[in-house]
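Chemist: Got a predicted structure here, sequence first:
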Amino acid sequence: MMEEDMIKQMDGGVTAAQGFQAAGAAAGIKYENRKDMALVYTKEPAVAAGTFTTNVVKAAPVLWDKELIEKGKPVHAVVLNSGIANACTGEEGEENNAQMAAAVAEELSVSAQEVLTCSTGVIGMQLKMESVKRGAKLLKEALADTREAAKAAAEAIMTTDTCPKECAVEFETEGKKVIVGGMSKGSGMIHPNMATMLSVITTDACIGQELLLETLQSVVGDTFNMISVDRDTSTNDTCIVLANGMSGIPEIKKGTEAYEAFREALLHVARELAKQMAGDGEGCTKLLEVKVENAATVEAAKQLSKSVITSNLVKTAVYGSDANWGRILCALGYAGVEFDPETVDLTICAEGEQGMESIVLVKDGVATGYSEEEATKLLRQSEVSVICDMKQGNASAVAWGCDLTYDYVKINGDYRS
């Protein structure tokens, strides 16, 4: 396996890879005077792969993208809007989605079948096509391959997010540099099996669609599917990867060093975007990371870690900086995984005054003589890790979530207004 230190993180987003341009524009989809449409474009046709919501209720853009990607068609662009989800909008919503793709396609002189679509926002509202068409023109005019253009696109897809989410990395293979960069949005309605997230990841690697999809699906399983804010799985979840081959490397084949490097790069970008979303959960004050170690199987480890990050009692304890370890052990216990509670160790970790500090709360299922004061001090940090040592095997998994605050209720109590 390629070591992660061979992957170099860089300052960038969806325009970091060769041949990709982006833009953000204020089209007036739902709000005035804020960016609410984004475009990612590659002149060279790209191979596309995608993963989508598991919710039975799927938004019009999800249905459109699934069909196009399953047909294996080359893709030139992804257009995204925020404010209106275009979900539960019937035939009119599907027609509006097709018109959004067509409006962008006309501006770019490509086919509508070569344009993927994404929407996020309020469910049940129809898109204003006048705004969409105006936005398509503005996006075409603003297209650029700059760092600023990437950030503008990332800002345009935000809803209740408090900051844009971007990441880019590079690695070398065959003597050439390959870049993977991406953006995502997501703050509420976030739950494993995708979230109310939109993510577009771009790469100049050359890779076949079948292998790209296989790689994306495996990466999503360890990243986007391991985050939760509020136990709600959205109607619009979409993660798209575009590969335009402009790095000039030979086609990546499975089992090669080039493939291991590419997978590690994609994994890094997806993991960082996932953590950024979890850490920006609606109303949250801190990122919660739960590591399950020495579980019997990887699936068991994932199940256990997700159970802890989705527990409202754990989340409120973290908000109150209360080392209430009984809630953690309880959440492990109802995860549906058999284990011996009398062998479990629970440890909390956070960045302290002397660097990374840790406190063992529970040893072999029983509380240690830890200091509540010191534990509270660690739990007050902006990023907190909980390590659950199950002592059953050698499998592990990591999940990410956040604390549950008063502001979450406030934000969602008046979301539509």
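Modeler: Cool, the structure landed.
Chemist: Of all residues in the protein, which one is nearest the centre?
Modeler: Residue closest to the average C-alpha location in the chain (Cα atoms, centre = their mean): residue 274, at 3.9 Å.
Chemist: List the buried residues for stretch 18-33?
Modeler: 18-30 (16 or more other Cβ atoms under 10 Å). (C-beta placed from N, C-alpha, C; glycine too.)
Chemist: longest single helix anywhere in the chain?
Modeler: Secondary structure of the chain per DSSP state H: the longest helix is helix 257-278.
Chemist: about what we covered before: for the buried residues of stretch 18-33, could you give me JSON lines that also reports distance to residue 362?
Modeler: Formatted as JSON lines, these follow (distance: Cβ to Cβ, whole Å):
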{"residue": "18", "distance to residue 362": "50"}
{"residue": "19", "distance to residue 362": "52"}
{"residue": "20", "distance to residue 362": "48"}
{"residue": "21", "distance to residue 362": "52"}
{"residue": "22", "distance to residue 362": "47"}
{"residue": "23", "distance to residue 362": "51"}
{"residue": "24", "distance to residue 362": "47"}
{"residue": "25", "distance to residue 362": "52"}
{"residue": "26", "distance to residue 362": "52"}
{"residue": "27", "distance to residue 362": "53"}
{"residue": "28", "distance to residue 362": "54"}
{"residue": "29", "distance to residue 362": "49"}
{"residue": "30", "distance to residue 362": "48"}
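Chemist: List just the nearest of the residues you listed to residue 40.
Modeler: Nearest to residue 40 among the buried residues of stretch 18-33, counting by Cβ to Cβ, is residue 22 at 5.1 Å.
Chemist: helix, strand or coil for that closest one?
Modeler: When classified by DSSP: H, G, I helix; E, B strand; the rest coil, residue 22 comes out as strand.
Chemist: dump the residue contacts of it.
Modeler: Applying Cβ atoms under 8 Å, 6 or more residues apart in numbering to residue 22 gives the contacts 13-15, 38-41, 143-145, 149-150, 152-153.
Chemist: quick one: which of the residues you listed sit in helices?
Modeler: Short answer: the contacts of residue 22 in helices (DSSP H) are 149-150, 152-153.
Chemist: ok, so of those residues, who is nearest residue 139?
Modeler: Closest to residue 139, out of all of those and judged by Cβ to Cβ, is residue 153, at 8.9 Å.
Chemist: give me the number of residues near that closest one?
Modeler: Look at residue 153: counted by other Cβ atoms under 10 Å, it has 32 neighbours.
Chemist: And residue 91, by the same measure?
Modeler: For residue 91, the neighbour count with other Cβ under 10 Å is 8.
Chemist: How about residue 312?
Modeler: 12.
Chemist: which residue sits closest to it, ignoring its sequence neighbours?
Modeler: residue 404 (5.8 Å; Cβ to Cβ, 6 or more residues apart in numbering).
Chemist: what's the neighbour count on that neighbour?
Modeler: Neighbours around residue 404, by other Cβ under 10 Å: 25.
Chemist: Show me where the stretch 151-300 of the chain has its helices.
Modeler: 209-222, 257-278, 298-309 (DSSP state H, counting those that start in this stretch).
Chemist: Let me know which of those is the nearest to residue 329.
Modeler: Here helix 298-309 is closest among the helices of the stretch 151-300 of the chain (Cβ to Cβ), at 9.4 Å.
Chemist: Let me know the angle separating the closest one from helix 257-278.
Modeler: Inter-element angle recorded for helix 298-309 and helix 257-278: 20 degrees (by axes from the mean of the first three to the mean of the last three Cα atoms, to 10 degrees).
Chemist: pLDDT weak spots in the stretch 251-400 of the chain?
Modeler: 281-283 (pLDDT under 70).
Chemist: repeat that with 90
Modeler: 277-286, 351-355 (pLDDT under 90).
Chemist: do the same with the stretch 101-250 of the chain
Modeler: For the stretch 101-250 of the chain (pLDDT under 90), the answer is 121-123, 159-163, 174, 186-197, 221, 224-238.
Chemist: helix, strand or coil for the residue nearest to residue 140 when sequence neighbours are not counted?
Modeler: Closest residue to residue 140 apart from its sequence neighbours, by Cβ to Cβ, 6+ apart: residue 107 at 3.9 Å. Of the three states, residue 107 takes helix under three-state DSSP.
Chemist: so residue 107 touches residue 142, yeah?
Modeler: No. In terms of Cβ atoms under 8 Å, residue 107 does not count as a neighbour of residue 142; the distance is 11.1 Å.
Chemist: which one of the two has more residues nearby?
Modeler: Shown here are residue 107 and residue 142; by other Cβ under 10 Å, residue 107 has more neighbours (22 against 18).
Chemist: hmm, who's touching stretch 333-341?
Modeler: Applying Cβ under 8 Å, 6+ apart, the external contacts of stretch 333-341 come out as 295-296, 300, 303-304, 306-308, 329, 332, 365, 390-392.
Chemist: mind listing what's buried in that stretch?
Modeler: For stretch 333-341, a neighbour-count test (16+ other Cβ under 10 Å) marks 335, 337, 339 as buried.
Chemist: is it possible to export those to CSV including distance to residue 160 and secondary structure?
Modeler: Shown next, in CSV, are the buried residues of stretch 333-341 (distance: Cβ to Cβ, whole Å; DSSP: H, G, I helix; E, B strand; the rest coil):
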residue, distance to residue 160, secondary structure
335, 29, coil
337, 33, coil
339, 37, coil
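Chemist: Filter the contacts of stretch 333-341 down to the buried ones and hand me the PyMOL line.
Modeler: Selection of buried members from those for PyMOL, criterion 16+ other Cβ under 10 Å:
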select buried, resi 295+296+300+303+304+306+307+308+329+332+390+392
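Chemist: Over to the nearest residue to residue 179 once chain neighbours are set aside. Which of the three states is it?
Modeler: Closest residue in space to residue 179, ignoring its immediate chain neighbours: residue 17 at 4.2 Å, by Cβ to Cβ, 6+ apart. Of the three states, residue 17 takes coil under three-state DSSP.
Chemist: how much space between residue 17 and residue 140?
Modeler: 20 Å (Cβ to Cβ, to the nearest Å).
Chemist: what about these two, which has more around it?
Modeler: residue 17 (29 against 18).
Chemist: Quick check: neighbours of the longest strand seen in the chain in the sheet, parallel or antiparallel?
Modeler: Longest strand in the chain by number of residues (criterion: DSSP state E): strand 37-52. For strand 37-52, the paired strands and their directions (DSSP bridges) read strand 20-25 (antiparallel), strand 75-84 (antiparallel), strand 238-243 (antiparallel).
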